[in-house]
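Undergrad: give the three-dimensional model of this entry:
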Amino acid sequence: MNRRWAVTVAVGTAAACALAGLVGYRAALGAALPGLARTPVDTVLLSADGRGLSVARSGECLGTGALRARETPSAVVLDFRTDPPSRDCFGGAQQTVWSVRLGRPLGDRALRDANSANSGAGDAVPYFRAADLPVAGSLPPGFHHAYDAPGYLGATAAGQWSPAASELFLAGTARLWLVVEYGRHWPGDWPANATTLLPVQGRLARVGPDGIAWQQPDPASGPVRSYALLADPPLPAGQLAAMADQLRPLPG
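TA: Modelled structure (predicted):
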C-alpha cells in the first residue's frame, strides 16, 4: 500500500453524484458527457445488495467525473468518465469514489468496461463483493468507520493481484485501513520473510512496517482470502491483533 495517496481523502463529489443520478443506468453509453474523458475501470466494489457499483481513483487534485451503467439481460456495461486536473493544479493527494445504482442486482450477469482496449464487447471488470468485507467488532480508541472503497487505497489494478477492497477508519488525522483481497498475497512493500508473528483469528499474522497481515479461508466457501490492517501513523501490533480478533462476517 502506498501511503502517498492518503494525505487527504475525498469520497465522491457533489458534481459526480448529481451527474450519476441524472444520467442513471438507462442512459445510452454513447451519450455525450461534455469535458469528461473515457477512463478505463479498475476493480469495482459491488454492494451487499448487489445493486451498487463503485469505482475509485487516487491522485493529486482529482477532477470531477461520472460513472454510469447500461443494463441488458446478460451484462452490465460501465462507462466511467473523468475530468483530468489542470497541470497547474496544487493540492494534496486524495481518493475519490464514484457510485451508480442498478435497476436490479448484478446476479450472474457479466460486468464489462465500455472504455477498455477491447472496443467491441468490452473487457470483463473484476469486482469485490462488499458482503465479503468483515465487520469490526472493536476499534482502537478514537477511531470510527469512514467509508469502503474498491481496491487498495492508492493502487490501481496493476498494483494488486486479485480483486480487493478497503475499509478506512479515521481518528483525527490518523488513518487505519483494513484491506481484504481474494487469494494468497501479502502487502507489496513488505519484506519477503517476516521475523515477527502474532496469533490472529486462529492463524499467524505477519508483523510488517506499518501493520499486520494474515490469510485465512472463508468459512462458507473455503477459498483463502488475504487480510491486512495498516495504520498511518503506525499502531502497536498487539492493538491491531486485538482488532483483528474481533472481525466478524457481515450478517446475512
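
Undergrad: any stretches of the stretch 51-200 of the chain with poor pLDDT?
TA: Along the stretch 51-200 of the chain, the model assigns pLDDT under 70 to residues 59-61, 85-94, 117-122, 153-161, 188-189, 191-192.

Undergrad: please enumerate the strands of it.
TA: 52-60, 65-71, 75-82, 93-101, 110-113, 123-124, 127-129, 135-136, 144-150, 164-171, 174-182, 197-200 (DSSP state E, counting those that start in this stretch).

Undergrad: of all these, which one comes closest to residue 36?
TA: strand 75-82 (3.5 Å; Cβ to Cβ). The way it works is simple: take the backbone N, C-alpha and C, and place the C-beta from them, glycine included.

Undergrad: mind listing what's buried in that closest one?
TA: When burial is assessed from 16 or more other Cβ atoms under 10 Å, strand 75-82 yields the following buried residues: 76-82.

Undergrad: and which of those is nearest residue 106?
TA: For those, with residue 106 as the reference and Cβ to Cβ as the criterion, the closest is residue 76, at 6.0 Å.

Undergrad: confirm residue 216 sits in a strand?
TA: Yes: assessed by DSSP: H, G, I helix; E, B strand; the rest coil, residue 216 belongs to a strand.

Undergrad: partner residues bridging it?
TA: residue 225 (DSSP bridges).

Undergrad: swap in residue 205?
TA: Beta-bridge partners for residue 205, by DSSP bridges, are residue 198.

Undergrad: that one touches residue 216, doesn't it?
TA: No: assessed by Cβ atoms under 8 Å, residue 205 is found out of contact with residue 216, at 9.7 Å.

Undergrad: ok, the two, which is more surrounded?
TA: residue 205 (25 against 14; other Cβ atoms under 10 Å).

Undergrad: did I read that right, residue 238 in a helix?
TA: Yes: counting by three-state DSSP, residue 238 falls inside a helix.

Undergrad: so it sits against residue 200, correct?
TA: No: Residue 238 is beyond contact range of residue 200, at 10.6 Å (criterion: Cβ under 8 Å).

Undergrad: how about the contacts made by the residue of the chain most remote from its centre?
TA: Each residue of the chain has a distance to the centre, and by Cα atoms, centre = their mean the biggest one is for residue 195: 29.1 Å. Listed by Cβ atoms under 8 Å, 6 or more residues apart in numbering, residue 195 has no contact partners.

Undergrad: now it: how far from residue 206?
TA: 9 Å (Cβ to Cβ, to the nearest Å).

Undergrad: how's the chain carved up into domains?
TA: Structural domains assigned to the chain are 3-125, 130-248, following automatic domain parsing.

Undergrad: center of this structure, which residue is that?
TA: Closest-to-mean residue, the chain, Cα atoms, centre = their mean: residue 150 / 1.6 Å.
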